[in-house]
Structures are given as structure tokens and as C-alpha cells.
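Novice: Here is a sequence with its predicted model. Questions after.
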Protein chains: 2
Amino acid sequence: MIKVGIVGYGNLGRGVTLAVDKALDMECVGIFTRRDPKTLKPAVDFPVYSMSELTNFKDKVDVLLLCGGSATDLPNTTADLLKDFNTVDSFDTHAKIPEYFDKLDKVAKENGTLSAISIGWDPGLFSIMRMLFGAVLPDGNDYTFWGKGVSQGHSDAIRRIEGVKNAIQYTIPREQVLEKVRSGIAPNLSTREKHLRECFVAVKENANKQEIEQKIKTMPNYFADYDTIVNFVDEQEVAEMQKKLSHGGFVIRTGNTTEQNSHIVEFSLKLDSNPEFTASVLTAYARAVARLKKEGKTGCMTVYDIPLKYLSPISEESLRKNLL
Amino acid sequence: MIKVGIVGYGNLGRGVTLAVDKALDMECVGIFTRRDPKTLKPAVDFPVYSMSELTNFKDKVDVLLLCGGSATDLPNTTADLLKDFNTVDSFDTHAKIPEYFDKLDKVAKENGTLSAISIGWDPGLFSIMRMLFGAVLPDGNDYTFWGKGVSQGHSDAIRRIEGVKNAIQYTIPREQVLEKVRSGIAPNLSTREKHLRECFVAVKENANKQEIEQKIKTMPNYFADYDTIVNFVDEQEVAEMQKKLSHGGFVIRTGNTTEQNSHIVEFSLKLDSNPEFTASVLTAYARAVARLKKEGKTGCMTVYDIPLKYLSPISEESLRKNLL
């Protein structure tokens, strides 16, 4: 059995709890929270501890599933945790991945631990597809579309702005552009041209709405490169929208092997729950981290470094016999 | 530069020739054929040699791309070639993969060589998707649909029957079943229920059509498990159909993370030329074999064993920065 610990219990932590429960080869030693453990009622009856107790589990956990956000939680805590634990996380600030990777790779190698970063569906499965499609169809163009759906990272980022009570952000692919790409036409598109970002924001009394809107629209990495629509609504409305965390998207590559012969390769997701699906991917990669560590691997890895067989609880022989 | 040799020059060999030409990090030392090398005019101006000359290239080739068929060519030749060379092939008789793998793994390990088998889109990219989808969405069902398109392996198999002059086989997904699956309904389906196999066969004068039809419909691994339609047509008609080798297909997995939340993951291909696309995948995995061998890896590998980064000519740093 692979022994896992779950760090953080927001939407993602809740999803990981459910995914670990479904994994027959995994055992959860505990959920670790910064809140008072007594106040937390997890979706599955796993033990709950305070973060300060994590240090007592140093030799009792094969891998920690880190369920904090990418804006502040992960950049501030992963390196420290890696000194004592193997980790897997869903760090999704694309622009900061190289820096994050280098830092963790150094810490992990110094401490003989292993970390898999940026796991989920984007970064994660979509990253796999972009790379794989480009390698097998080098003469072509690829397009990533997100949505329509809620982005947790972007919603979190808005909520961190002073004066914001609650917020939700939808990423919306521009339908006409999607159709153009799928028809085999290969236009040159900026991120801005492919999507809209629509935000629903509830603010505190007397908050400066104009200033908040400006802060959202100019936020680097998150909104600055997109057309962003900001709607101010009441708290109740945001809460209602938050009940449904559906998402999805497409990675499409069109390309040619000869002038006459073109090909379309497409990957798509339709998700009822973004955090539950992300959690399920994170859990499969936690299995890979535990196994690769057992084989002596240390350092930082991404989806590009990990052979796919490590993700599956099925034996190599059976994979070859039944799935190849 | 990665030095490659191309063994066999049918449709797949021709595709590999084009793909190697597009790969800026590869150099072709030669195309090796059982025909008279003088009669062969390859699509790209690479040197052509007789198969008997291959032995002189033992230390001059990083990897051989084997472009023979799975019915007799690969089972009879790959093990011998592996004594002196690293190889990559598109062995696609699903039922015989375990046996083929075990045999080659032994030979490769004894001789310090490396072999990647069953590379292409199915087996190959579709195998990746089946495994990956199952690992990240364990509570679900997956469905593979092929076509409409020509299957080279199945067409070859018919052509090997005595009395057959030429033949082409189309695999056709049953539309209604495909729609059912994509709508999220998860029926239990046999291969037979998902597809038709339609064959167009030109026979020699006085050939026993009834016997040939029977031989096709009962052929194990290829046709015995399917509803197969056999049409006898004249040679001209088959030749006309053979000019367009389009294919495609879908891997779809539907599954749940909780009772309320279901997800649909889908991968699809629309290919103008099946052999050219297969060749392009084979060429990317040839790159991986050359690199992994350089790192000291030996034995037999499949798409499940090879970290994806080895397929791309792009540096690891750049993959993380630009594609993750």
C-alpha cells in the first residue's frame, strides 16, 4: 500500500480525499490543515491533523498531495515540505514553472526526495498532448482552448484583492475561432483572440469597484493578456455559481506530412467538476512519485519525465496484454 | 545527429522516408530493401541498399526503423536485427504483443540493444490514451472506435490468402453506438458491436470466391471477432481505392469521481494518410530509442515505458517553459 498525506482541504483537497479513497493501492495517513482540525469534516473518514503535526509523519508517508493554491501557498511551502517528504502538486502559474522547477529540483536532490509538479489537466494532461502532438506531427500548429468553465486559480487570484468578498471566473472559448481551427484552417492566434475571461465579483461595503476592476484586468499572468469582463454581483449570486465547478477544453493540432496530406489530432475534456478531476489526476501521479522514489529517483519531475506505466495500478504485463 | 536506417519500402517505409527528412536532428544512412535497390526510387534522395548489405552498417546506425508488416515480416526478422541494431517497429497484432515483447526483450538484453515495439497510433497513441484515461479516471469505461478508414494490416492479411490478387479493407465505426457513448451513456460493448469491417477483394481467374470469403471471415485476430462484409470487385477498383489511405478513430472514456459528477475524456484522429501519420509517430519514437540507448537503456519498450520528453527535439527546459 502507498501511504499518502493530504495537505490542505479546499475544493482540491476534498477531491483528492475522494480519489485516494477510490485508489485500492493507497492508504491515507491523514489530512493536514491550517484550520482547527476539529472543525473539519472530510468527505471520507480519514484522520485530520493540524499542519504543525505533519513533522511527526516524516517516515510514515510515501508521498504528500499538496492541495494549496499556486498564487501563494505552493511557492511558499513546497520547498520546505520537500526537505522531509516526497510531494506532488498542481502548481499552475505557467509563467513561473521554470523558476519553481529549478528551486524544487535543487532542494529535492539535496534531501534525497522526489517532487512532481504542475500536475492536473492544464498544466498536466493538456501539456502532455501539446508536447506529444508536436512530436508526432512536427509540421503543424496547435491550439489550446479552455472552457467554458470555472478557473480555480483565477477565482482565487481575484479573491486575494483587497475589498473582494467572493468571486468566480469563467474562461470561455470563442466559438467561431474553435470552428475555424477544427476545420483544418491554421490561423495564427493570440491567447486573447481565443478566449474571453468573465468574472463575477462580490465586494465589501464601500469598496472601490473601479480600482478592483482595474486590478483584475491588469493582473500579470492571470488576466493582463486577455479580454476580461468584470461583473459586480451580490454575494448570494457568486455562492450559487460556485456550486457548479464544471470546466473543459480542447487541444487541437493540425499539420501536414506532405503537401497533399493533412491530419487533425484532438484531445478534449468535459468535466462536471474541475477540482475533482484535477484531484484524480494528482492522485494517479502520487502513485508514480511513490513508485519512482522506491526505484531511487530524486529531484523534480513533470509530466514529461514520468513514464506513463507508473500512473496505473495495473501491472506492466497486463497493460501490454490488455491496453496496448 | 541521430543516424537512422529504414528497413522496407512499402507505404510505411515511404512515409518514414518523408518523416526522417522533416526531422532536423536525423540523418538517414540508407533505405534497405529486399528488392533490387536499383529499381527503387525513394520519395527523398536517400541511398538505397540491398538488405544483405545491412550487416556492413552495424556501427553506423543509431536506430533502424522497421517498416515491414506484422503478419510475417516483423515476427520473422526483428529478433535477428536486434542482435546488431536498435530498432523501432509498428507491430500491430494486438493479441501477439506479449509474446513478441518477451522474445525481443530477451534478445535485446543479451545483445545490449534497445527496441521499441508497437509504435504508431493503434497500438501507439491510442494505447497511451486508453492507459492514461483509465489511470486518471479509474471509475469508468473506455471505448476505442476505428475509422472509417483503411487498415493496412487487415488489407495485407487478405492479400496473403491464396487466389487473392489485391484487396483493401475499411473499418467503419457504427455511428449510433458512437453517439451513445459520447452522450455519456456507458453501455457494455463488444468489438463486434462497435464496428463493421468491409473488404473489397480482387481475385485471380478461377479462384474459389466462396473459400476466400470464408478464409477472410474466420481469420483469427484479424476478422473472426467482427461482422465482416466481403465484396468481390475487379483489380482496377481496388487500385483506385488504394490511392486514398485515410483513417481515423476515437478513444473515449466516461467516468465518475462522485455519483453526481461525471467526466468525458476524448482523443480523436482524422488522418488523410494512415501510413504517413504512422511513419511520423514511428520517427518520433526512433528519436527516443536513440537517446535512451545513449543513456544505457537496453531491452524492449513500449509507449508505456518511454518518458514523453524523449520524443521531442525540443530541450527539456524549453518544454517546461513553453509547453507545460
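Specialist: Sure thing, it's come through. Numbering: from 1, shown residues only, chains lettered A, B, ... in the order given.
Novice: Show me where chain A has its strands.
Specialist: Listed in chain order, the strands found in chain A under DSSP state E are A:2-7, A:26-33, A:48-50, A:63-66, A:87-88, A:114-116, A:140-146, A:149-150, A:164-173, A:195-203, A:227-232, A:247-256, A:262-271, A:299-301.
Novice: Need the residues that contact the last one.
Specialist: Outside of strand A:299-301, the residues that reach it under the criterion CB atoms under 8 Å, 6 or more residues apart in numbering or on different chains are A:Phe101, A:Asp102, A:Leu104, A:Asp105, A:Ala108, A:Lys109, A:Leu114, A:Ser115, A:Ala116, A:Ile117, A:Val289, A:Leu292. Where C-beta positions appear, they are placed from N, C-alpha and C, glycine not excepted.
Novice: at 10 Å what do you get?
Specialist: Residues from elsewhere that reach strand A:299-301 (CB atoms under 10 Å, 6 or more residues apart in numbering or on different chains): A:78, A:82, A:87-88, A:100-110, A:112-119, A:285, A:288-289, A:292, A:305, B:307, B:309, B:320.
Novice: sorry, back to before: got TSV for the strands of chain A, with mean neighbour count, distance to B:Thr171 and mean pLDDT too?
Specialist: Listed next are the strands of chain A as TSV, based on neighbours: other CB atoms under 10 Å in any protein chain shown; distance: least, CB to CB, whole Å; pLDDT from 0 to 100:
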stretch	mean neighbour count	distance to B:Thr171	mean pLDDT
strand A:2-7	24	40	98
strand A:26-33	21	39	98
strand A:48-50	17	53	98
strand A:63-66	29	41	98
strand A:87-88	28	39	98
strand A:114-116	28	38	98
strand A:140-146	20	25	93
strand A:149-150	22	34	91
strand A:164-173	22	32	94
strand A:195-203	22	36	96
strand A:227-232	16	44	96
strand A:247-256	22	23	95
strand A:262-271	22	17	96
strand A:299-301	23	38	98
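Novice: For the ones you listed, could you give me CSV that also reports distance to B:Asn56?
Specialist: CSV is the format used below for the strands of chain A (distance: least, CB to CB, whole Å):
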stretch, distance to B:Asn56
strand A:2-7, 51
strand A:26-33, 54
strand A:48-50, 67
strand A:63-66, 51
strand A:87-88, 50
strand A:114-116, 45
strand A:140-146, 37
strand A:149-150, 59
strand A:164-173, 55
strand A:195-203, 56
strand A:227-232, 62
strand A:247-256, 35
strand A:262-271, 36
strand A:299-301, 41
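Novice: Of all these, which one is nearest B:Tyr222?
Specialist: Among the strands of chain A, the nearest to B:Tyr222 by CB to CB is strand A:262-271 (25.2 Å).
Novice: Output the closest one in PDB, but only the C-alpha positions, please.
Specialist: Below are the C-alpha coordinates for strand A:262-271, written out as PDB (Å, rounded to 0.1, in the frame of the first residue of the first chain):
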ATOM      1  CA  SER A 262      -3.100  16.800 -43.600                       C
ATOM      2  CA  HIS A 263      -4.100  15.400 -40.200                       C
ATOM      3  CA  ILE A 264      -6.100  16.600 -37.200                       C
ATOM      4  CA  VAL A 265      -5.300  15.400 -33.700                       C
ATOM      5  CA  GLU A 266      -7.700  16.400 -30.900                       C
ATOM      6  CA  PHE A 267      -8.000  15.900 -27.200                       C
ATOM      7  CA  SER A 268     -10.900  17.200 -25.200                       C
ATOM      8  CA  LEU A 269     -12.300  17.200 -21.700                       C
ATOM      9  CA  LYS A 270     -15.900  17.800 -20.500                       C
ATOM     10  CA  LEU A 271     -15.700  17.900 -16.700                       C
END
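Novice: Now do that strand and strand B:262-271, the angle between them.
Specialist: If you take axes from the mean of the first three to the mean of the last three CA atoms, to 10 degrees, strand A:262-271 sits at 180 degrees to strand B:262-271.
Novice: close to chain B, is strand A:262-271?
Specialist: Yes. Using CB under 10 Å from any CB of the partner chain, we find that strand A:262-271 touches chain B at A:Ser262, A:His263, A:Ile264, A:Val265, A:Glu266, A:Phe267, A:Ser268, A:Leu269, A:Lys270, A:Leu271.
Novice: same thing with stretch A:20-38?
Specialist: Yes. Against chain B, stretch A:20-38 shows contacts by CB under 10 Å from any CB at A:Lys22, A:Ala23, A:Leu24.
Novice: Quick check: the first one touching A:Ser280?
Specialist: Yes. Contact status for A:Lys22 versus A:Ser280: in contact at 8.0 Å, counting by CB atoms under 10 Å.
Novice: More neighbours: which of these two?
Specialist: Using other CB atoms under 10 Å in any protein chain shown as the criterion, A:Lys22 and A:Ser280 rank with A:Ser280 on top: 29 against 16.
Novice: which residues do A:Lys22 and A:Ser280 both contact?
Specialist: Counting by CB under 10 Å, 6+ apart, the residues touching both A:Lys22 and A:Ser280 are B:Leu137, B:Pro138, B:Asp139, B:Asn256, B:Thr257.
Novice: for the second one, what are its contacts?
Specialist: Going back to what we said before, that points to B:Pro138. B:Pro138 neighbours (CB under 10 Å, 6+ apart): A:Ala19, A:Lys22, A:Ala23, A:Leu24, A:Ser280, A:Thr283, A:Ala284, A:Ser312, A:Pro313, B:Gly255, B:Asn256, B:Thr257.
Novice: Phi, psi for it please.
Specialist: phi -60, psi -30 (degrees, to the nearest 10).
Novice: Please report the distance of it from A:His195.
Specialist: 31 Å (CB to CB, to the nearest Å).
Novice: repeat for the fourth one
Specialist: The span separating B:Asn256 from A:His195 equals 28 Å under the rule CB to CB.
Novice: how far out from the middle of the chain is the helix or strand of chain A with the lowest mean pLDDT?
Specialist: The weakest-scoring helix or strand in chain A, judged by mean pLDDT, DSSP states H and E, is helix A:191-194 (a mean of 82). Centroid separation for helix A:191-194 versus its chain: 21 Å, with CA atoms, centre = their mean, to the nearest Å.
Novice: can you tell me which residues contact A:Glu53?
Specialist: A:Gly30, A:Phe32, A:Pro37.
Novice: And the residues of stretch A:20-38 next to chain B, which is closest to A:Gly124?
Specialist: A:Ala23 (17.4 Å).
Novice: Contacts only, for the closest residue to the closest one other than its chain neighbours.
Specialist: Distances taken as CB to CB, 6 or more residues apart in numbering or on different chains put A:Thr283 closest to A:Ala23, at 5.9 Å, once the chain neighbours are dropped. Shown in contact with A:Thr283 (CB under 10 Å, 6+ apart): A:2, A:4, A:6, A:15-23, A:26, A:63, A:65, A:88, A:119, A:311, B:135-136, B:138.
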